[in-house]
Structures are given as structure tokens and as C-alpha cells.
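Trainee: I would like the atomic coordinates for the input below:
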Amino acid sequence: MKKRLKPFVEPEFPSVKPEVKQELIASLEATRQKWRDFFEKITWTSFGGIGGEDTSLTGSKHLLEAIRETGEAVRLLLDFGMFQGKGKERNQILPVKPSTIDHVLETHAHLDHFGLLPLLTKDEEGFTWEIHCTPVTWESGLIGLKDSAKIGEDGYDEDYRKYAKLIRDAQGAIRIVRNADSKGIPKNKRNGDRMKGTGELDPSLGEGKDGVKIKNRIHGGKAIHDLPESKIQQSRQLLSELGFYDLETSSFINGASIKKNIPAPKKNLYDLKDVNKVEYFVQTHKYDEKFELEPGIEATFYNAGHIAGSAMVVLKFKVDDQSTYNVMFSGDLGRLRGDFHPYGKPRLPPEVPIDAFVHETTYGGKVHWEREFAIDDLGRVIREAYMKRKKALIIPTFAIERCASLLHALIELKKQEYFDGEIILDSPLGIQQTMVAGRHAEDEAFSENLMNKHAYRVAKGEDREGLERSKKFRIIVTGSGMANGGPILDYLKLYSNNPDIEFAFAGYQSEGTIGNELTSGYKSITIDGLKLHVEAKVNNLMGFSAHADERDLFEIMEYGSRSRRHGERHRNAKLLLVHGERDKSTTAYVNYLKRRVREGKRGVPKMENVFLPNLEETLVLYSAAGKEVEKKEE
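Mentor: Reported below is the predicted structural model:
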């Protein structure tokens with residue numbers, strides 16, 4: 001529970017003159033107010049965005065807790081995103097009690113940073129304070145949340161249809177196998193018969209709803225006792241897979257039941273009503289605009305250059321009359337190098353001293369291709385498919401930013417006559433997010449291409465089928481980027497085994513996703529229980545990532561070391577590395593930092609101050625006692 005400051009009780013001072021008494025009371029209240037503004041301890045806990053054995057690097061959500069000298073705690077959430085791929089079952093359980101959170105600060109609109117906000121606000125006794133982000137992040141994020149809710153509702157309806165069919169199949173199989181195993185069911189047994197916990201039939205249930213006896217039940221036009229052996233074996237196999245039947249002993253398993261063995265599908269995390277509630281809590285702030293969260297806590301968003309509206313946030317905590325303890329959370333960072341920055345370069349904060357950096361390492365150990373090489377690579381893939389008379393190139397992509405970036409590149413390549421054909425956008429979410437990107441882009445040519453309705457067309461319902469018969473070459477940009485949902489699943493079901501169709505993935509593919517399997521060379525994949533053989537060529541486009549590579553990460557982090565005034569403070573800063581695969585990109589970035597130290601670079605914090613937070617581990621960033629960044633004692 002949060003500690004709140006007790007109301008001020010005016011002391012009596014019975015033997016003091018009235019005018020002196022008022023001065024003493026005013027002095028006490030001023031001192032009390034000053035103490036209220038000061039913080040004696042600041043801790044950090046990550047509940048996501050830590051790639052490891054159990055979770056992917058998605059699901060960014062971090063708790064920053066600041067405790068005042070009075071004992072009052074202020075709890076801030078930085079991002080509240082959903083897990084995608086490995087670890088997505090964690091989305092069902094909130095790691096914090098919403099009513100204990102004072103403020104949420106969102107860095108950008110991607111669902112793995114933004115996607116669980118409705119869970120905070122859906123209950124009446126849940127979160128009651130404020131959610132802070134940039135105006136464009138809210139515009140884009142609201143579109144994404146509504147789409148997520150709709151996909152979840154549609155998915156639940158489909159899952160429930162499958163669940164109901166499976167129950168019908170299981171009930172039919174139970175009747176068939178029991179009839180076969182007992183070599184004929186007595187006439188007094190009715191359609192309502194079910195298994196007890198002992199595995200025996202319960203005759204007390206009498207007749208079923210329609211009063212039809214089991215022996216008269218028809219299966220595929222035949223009475224139950226006249227079914228062929230193949231049908232009986234199929235029924236046994238189904239029951240074995242569901243845990244009802246032991247094939248070795250040819251007997252039912254004690255304690256099996258429909259409810260236990262075939263659990264009902266879980267409803268979606270949230271619906272459109274829950275999404276609409278979020279808006280009541282949102283406060284938007286422009287870049288570089290300072291705003292007070294609580295007495296003694298100041299926040300500022302700076303352009304992160306990752307997608308439209310993306311931000312890194314600097315938080316200043318007042319620790320005494322003279323100084324603050326400053327924490328910078330990067331969110332996802334964009335690229336610094338090259339000449340293509342449709343949303344601007346990551347804007348490094350002015351020379352504010354940073355005491356604790358918390359930043360992403362998605363591409364630690366990686367150096368991105370320059371954009372011109374990425375465009376050449378895309379052009380090569382298109383040219384090869386076009387010259388080999390392939391029918392279509394299908395590019396699954398993320399609706400936010402990547403879709404817009406690829407469309408711009410495709411339009412430019414078509415202008416250069418790399419191919420003659422159609423560019424089709426088949427992503428309802430991508431269409432909306434592309435319009436957001438076009439309206440807010442800083443690059444004029446980028447904006448013009450996206451807003452040009454003649455440069456590409458929106459897909460029609462019939463566009464997905466019959467690609468193998470198409471006379472004109474088509475490039476189809478669709479969702480989702482990791483093939484974990486969206487229209488791409490329909491395309492894969494239809495064409496993964498067709499060598500006349502090609503696929504091309506652009507960007508990071510999280511572990512546990514179909515996109516990761518395809519780009520890793522899997523020759524078979526499973527979608528909705530359907531096993532698919534992969535004969536279509538799968539390309540992996542390089543250089544389209546909107547993330548900073550390790551050079552960019554280092555340059556953004558080390559800016560403060562160039563300050564004469566704050567350089568030493570910067571070098572003593574703490575560095576927490578998150579949003580990376582622990583044994584891959586994050587470890588690779590640590591090795592990169594060590595190499596820079598050996599090279600004598602001044603911008604690297606001391607290696608003993610570099611931390612890799614574990615999931616749900618609490619680190620003490622600041623303590624008035626002087627012990628900083630230590631594991632919190634349980």
C-alpha cells in the first residue's frame with residue numbers, strides 16, 4: 001500500500017505569544033513541505049522487456065518507485081506493453097495492482113510497449129491517476145488498441161467455435177468407443193449417459209434432451225453399433241490426444257471430464273469499451289515540454305526518432321535543496337546515421353546530467369546497413385522475383401512505421417522502373433497508421449508518397465485468392481510483421497507451398513513467432529492447427545529496422561561525457577540494459593562497451609555500474625545513505 005502524508009495538525013504552543021506562535025507554525029509547515037518534496041530512495045523493477053528463457057524481449061513494462069523522507073511512495077510505470085511470441089501467457093496476469101500506480105509514462109505506440117493499458121483502467125477500482133505520452137503516440141496508440149481489441153474479439157469467437165466443435169466430436173467419440181469396448185450398450189442406457197470420476201457410466205442421468213436412446217443415434221448415416229473399425233480407431237485416437245483414453249490398456253482414464261480435459265477458450269484481454277476508458281486518463285505533452293508529475297518530480301519527453309511520436313523520457317527527482325537524481329529511459333531508439341529520418345533524428349537531451357541510463361539493446365552486437373544498401377537489397381529481391389515471372393511478392397510488416405517506410409521505398413523503386421506491377425496494401429490497421437505517419441512526418445517526399453492515393457491501392461476482398469492466376473506482378477504489403485496474426489496468416493495458408501509466390505520479412509522476428517520460424521529456414525509451420533509445407537521462397541530484408549544499432553546506442557548514451565561540467569558525473573552514472581535478448585544482443589552490447597573501454601573512450605560508464613536487470617528483480621538506483629544500485633533485500 002502507498003503511504004500518504006498525514007494531514008498537518010497545528011501544534012498548540014500554550015506559553016508562546018500569538019505572533020511568535022504563527023511564525024513557528026509557518027516554519028514547521030515549510031520544513032514539512034520541504035521534506036515532502038525530497039526523495040531518499042529510488043528503485044527500479046522490470047516486469048517485461050527482458051529477453052530470456054521464458055520471455056521474448058517484448059512486453060516492456062517497468063516500475064520506478066521513489067520513496068520520500070516522509071515514507072510516502074510515488075510509483076511510476078514506464079510503458080505497459082504486451083508480450084508477443086514467447087511469454088505471451090503473462091499478458092493474462094497483471095504484475096502490479098493498478099490502484100497502487102500514480103502515473104504511467106508511455107514512450108511510443110507499439111503494442112509491446114503500449115498494448116496492455118486497457119487492463120489498468122478497465123476496473124472501477126483500478127488505476128485512477130494519469131497516463132502521459134506525446135500527442136502522436138496517443139493518436140497512433142488508440143488506433144492500435146482498437147485493432148487489438150477487435151482482433152481479440154474475432155479470435156475468441158473463432159476459438160469458441162472450434163471449442164464447441166471439439167466438445168461435440170469428443171462426446172460422439174466417447175459414445176462410439178464405449179459402445180465398441182462394451183460390445184453393445186444395453187437398451188436401458190440413454191443418450192444422457194456420461195462418465196463418472198471412476199470412469200464408469202452413470203445410468204442415473206436417464207435420457208438426453210431429445211429422449212433418443214444411444215443405440216438409435218446415427219453417425220454418418222449408420223447406427224452406432226454398425227460403424228466401421230476405422231471410425232472406431234479414429235475415435236480412440238482423438239480421445240487419447242485429449243487425455244480421455246489409454247491406447248495401451250484400451251480403457252478410459254479415471255477422472256477425465258469434458259470440463260477438465262477441454263478447457264474453454266479465454267476471453268480477450270479487453271474489448272472496445274475498455275479501450276475507450278483509457279482516454280479519460282491520458283495527458284499529452286509535446287517534445288521538450290517540462291511537466292510536473294508530483295511535487296519533486298519533473299518529466300520531459302525528447303524525440304526518440306523511432307516512429308512518429310516516439311520519445312525517451314528524462315525524470316528528475318528532487319533529493320535535497322540543491323540537487324536532483326536524474327533517470328533517462330530510452331524506450332525504443334531510432335537511427336542516428338544516414339540521411340533518411342522521416343520522424344527526425346533521436347534528439348539528445350541538452351546537457352542535463354544523467355545519473356541512471358535505462359536503454360534498449362534490441363540490436364546490440366549489430367551494425368545496420370546504410371539505407372541506400374537496404375533499398376538496393378529490396379530492389380534486388382523485387383527484380384529477381386519479377387524477372388523469374390513470379391506471380392507476387394508478399395511482405396508482412398508492422399503496421400506502425402515499417403509499413404509506411406516500405407511503401408515509400410516501393411513507390412520510389414517503381415518510379416525507377418525496377419518492376420512493372422501493382423503495389424497493394426492489405427492491412428486495415430496499416431492503412432490508418434500510414435495516414436498518421438504521412439501527416440506527422442518531417443520528410444516532405446516521404447509524406448507526399450504516403451498521401452498519394454494513386455501510388456498504391458488498398459486491397460479488396462478478392463485480392464487474397466487466385467494470385468497464382470494473376471497476369472500482373474503484384475507486391476502486397478500486409479500485416480503483421482512477425483506473422484503472429486493478421487492477413488499474412490491467410491496468405492501463408494494459401495501460398496506457403498507455392499513456388500510461384502515469394503515472401504519477404506523486414507525487421508526483427510521475435511522467438512516463438514511464425515516469422516522467426518520462416519526466416520530461420522523452417523520447411524514446415526503450423527497455423528491454427530494446420531501443418532503447412534513451405535515451398536515458397538522466404539527472403540529476409542536487411543536494413544529496414546527503425547531501431548538504433550550498437551553504434552547509435554553508444555552515441556546516444558555517451559553524449560553527456562562531452563560536457564565539461566557534467567562529464568565526471570556521467571562517467572559515474574548507472575547503466576541498466578533492457579529490451580534485448582539477454583544471451584544475445586544485450587550480452588553483445590556489454591562486450592562492445594568493454595571494447596570501447598579498452599580503446600580508451602571516455603563516454604563509457606564504469607563497467608561495475610553496468611547492470612542487466614532480471615525479470616521482476618528490484619534494483620536500488622539511489623539511496624540517501626549512499627548505497628546506490630544494489631539488489632533490494634527481500
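
Trainee: And the strands in the stretch 301-450 of the chain?
Mentor: 311-318, 324-329, 356-360, 392-396, 421-426 (DSSP state E, counting those that start in this stretch).

Trainee: Show me the one of those strands that comes nearest Met542.
Mentor: With C-beta to C-beta as the measure, strand 392-396 is the member of those nearest Met542 (13.5 Å). Backbone N, C-alpha and C define where each C-beta goes, glycine included.

Trainee: what packs against that closest one?
Mentor: Under the contact criterion of 3 or more C-beta pairs under 8 Å, 6 or more residues apart in numbering; DSSP states H and E, strand 392-396 touches helix 371-387, strand 473-478, helix 488-495, strand 501-506.

Trainee: which helices and strands sit right next to the helix or strand that the last one is followed by?
Mentor: Going down the chain from strand 501-506, the next helix or strand is helix 514-519, by DSSP states H and E. Using 3+ C-beta pairs under 8 Å, 6+ apart, the elements in contact with helix 514-519 are strand 501-506, strand 524-527, strand 537-541.

Trainee: Just the buried positions in the second one, please.
Mentor: Residues of strand 524-527 classed as buried: Ile525 (neighbour count, 16 or more other C-beta atoms under 10 Å).

Trainee: And the next helix or strand past that strand?
Mentor: Trace forward from strand 524-527 with DSSP H and E and the next one is strand 530-533.

Trainee: now swap in the last one and tell me
Mentor: Note on strand 537-541: by DSSP H and E, the next helix or strand toward the C-terminus is helix 550-557.

Trainee: Tell me which residues of that following helix come out buried.
Mentor: Neighbour-count burial for helix 550-557 flags 550-554, 556-557 (criterion: 16+ other C-beta under 10 Å).

Trainee: got the helices and strands packed on strand 392-396 as TSV, with mean neighbour count and mean pLDDT columns?
Mentor: Shown next, in TSV, are these (neighbours: other C-beta atoms under 10 Å; pLDDT from 0 to 100):
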stretch	mean neighbour count	mean pLDDT
helix 371-387	17	92
strand 473-478	23	95
helix 488-495	20	94
strand 501-506	24	94
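
Trainee: can I get those in CSV with distance to Leu429?
Mentor: CSV is the format used below for those (distance: least, C-beta to C-beta, whole Å):
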stretch, distance to Leu429
helix 371-387, 22
strand 473-478, 10
helix 488-495, 12
strand 501-506, 16
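
Trainee: quick one, which of the ones you listed is nearest to Leu615?
Mentor: Closest approach to Leu615 among the helices and strands packed on strand 392-396 (C-beta to C-beta): strand 501-506, 27.5 Å.

Trainee: Listing partners with orientation, what would you give for that closest one?
Mentor: Looking at strand 501-506 with DSSP bridges, its partner strands are strand 392-396 (parallel), strand 537-541 (parallel).

Trainee: export those strands to CSV and tack on mean neighbour count?
Mentor: Putting the strands paired with strand 501-506 into CSV (neighbours: other C-beta atoms under 10 Å) gives the following:
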stretch, mean neighbour count
strand 392-396, 27
strand 537-541, 19
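
Trainee: can I get those strands in a markdown table with distance to Asp79 and mean pLDDT?
Mentor: Putting those into a markdown table (distance: least, C-beta to C-beta, whole Å; pLDDT from 0 to 100) gives the following:
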| stretch | distance to Asp79 | mean pLDDT |
| --- | --- | --- |
| strand 392-396 | 24 | 96 |
| strand 537-541 | 27 | 93 |
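
Trainee: nearest to Leu336, of the ones you listed?
Mentor: Judging these by C-beta to C-beta, what sits closest to Leu336 is strand 537-541, at 21.0 Å.

Trainee: before we move on, the earlier item: among the strands paired with strand 501-506, which is nearest Ser480?
Mentor: Of the strands paired with strand 501-506, nearest to Ser480 by C-beta to C-beta is strand 392-396, at 6.4 Å.

Trainee: Could you pull up the contacting residues of the residue found closest to Asp552 once you drop the neighbours it is linked to in the chain?
Mentor: Leaving aside its chain neighbours, Asp552 sits nearest to Leu336 (4.4 Å; criterion: C-beta to C-beta, 6 or more residues apart in numbering). Leu336 makes contacts with 305, 345-346, 548, 551-552, 555-556, as judged by C-beta atoms under 8 Å, 6 or more residues apart in numbering.

Trainee: ok, these vs Gly51, which is closest?
Mentor: The closest of the contacts of Leu336 to Gly51 turns out to be Ala548 (C-beta to C-beta; 16.7 Å).

Trainee: Apart from its chain neighbours, what residue comes closest to that closest one?
Mentor: Leaving aside its sequence neighbours, Ala548 sits nearest to Leu333 (C-beta to C-beta, 6+ apart; 4.1 Å).

Trainee: What distance do you get for the one you found to Gln171?
Mentor: Per C-beta to C-beta, to the nearest Å, Leu333 is found 55 Å from Gln171.

Trainee: Comparing the two, which shows the higher neighbour count?
Mentor: Higher neighbour count among Leu333 and Gln171: Leu333, with 26 against 13, using other C-beta atoms under 10 Å.

Trainee: so the more buried one makes contact with Glu360?
Mentor: Yes: judged on C-beta atoms under 8 Å, Leu333 makes contact with Glu360 at a distance of 6.1 Å.

Trainee: joint contacts of those two?
Mentor: The overlap between the contact sets of Leu333 and Glu360 (C-beta under 8 Å, 6+ apart) consists of 547-548, 553.

Trainee: With respect to Gly364, which of those residues is nearest?
Mentor: Of all the shared contacts of Leu333 and Glu360, Gly364 sits closest to Leu553, with 6.9 Å by C-beta to C-beta.

Trainee: Against Leu407, how distant is the closest one?
Mentor: For Leu553, the distance to Leu407 - C-beta to C-beta - is 27 Å.

Trainee: Check Asn539 too.
Mentor: To Leu407, Asn539 is 17 Å away according to C-beta to C-beta.

Trainee: And for Lys122?
Mentor: From Lys122 across to Leu407, the span is 35 Å (C-beta to C-beta).

Trainee: on contacts alone, who are the packing partners of the longest helix along the chain?
Mentor: The longest helix of the chain (DSSP state H) is helix 135-182. Applying 3+ C-beta pairs under 8 Å, 6+ apart, one finds that helix 135-182 makes contact with helix 111-114, helix 117-121, helix 229-241, strand 251-252, helix 258-261, helix 272-278, strand 282-284, helix 428-440.

Trainee: State the next helix or strand along the chain beyond the second one.
Mentor: Using DSSP H and E, the helix or strand that directly follows helix 117-121 along the chain is strand 130-133.

Trainee: So for that next one, what gets flagged as buried?
Mentor: Buried residues in strand 130-133 (16+ other C-beta under 10 Å): 131-133.

Trainee: can you put the residues you listed in a markdown table and add distance to Asp500 and pLDDT?
Mentor: Output for those, formatted as a markdown table (distance: C-beta to C-beta, whole Å; pLDDT from 0 to 100):
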| residue | distance to Asp500 | pLDDT |
| --- | --- | --- |
| Ile131 | 48 | 96 |
| His132 | 50 | 97 |
| Cys133 | 45 | 97 |
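
Trainee: Name the nearest residue to the residue most central in space within the chain, sequence neighbours excluded.
Mentor: Nearest residue to the geometric centre of the chain (C-alpha atoms, centre = their mean): Asp112, 1.9 Å. In this structure, Asp112 finds its nearest non-sequential neighbour in Thr58, 3.8 Å apart by C-beta to C-beta, 6+ apart.
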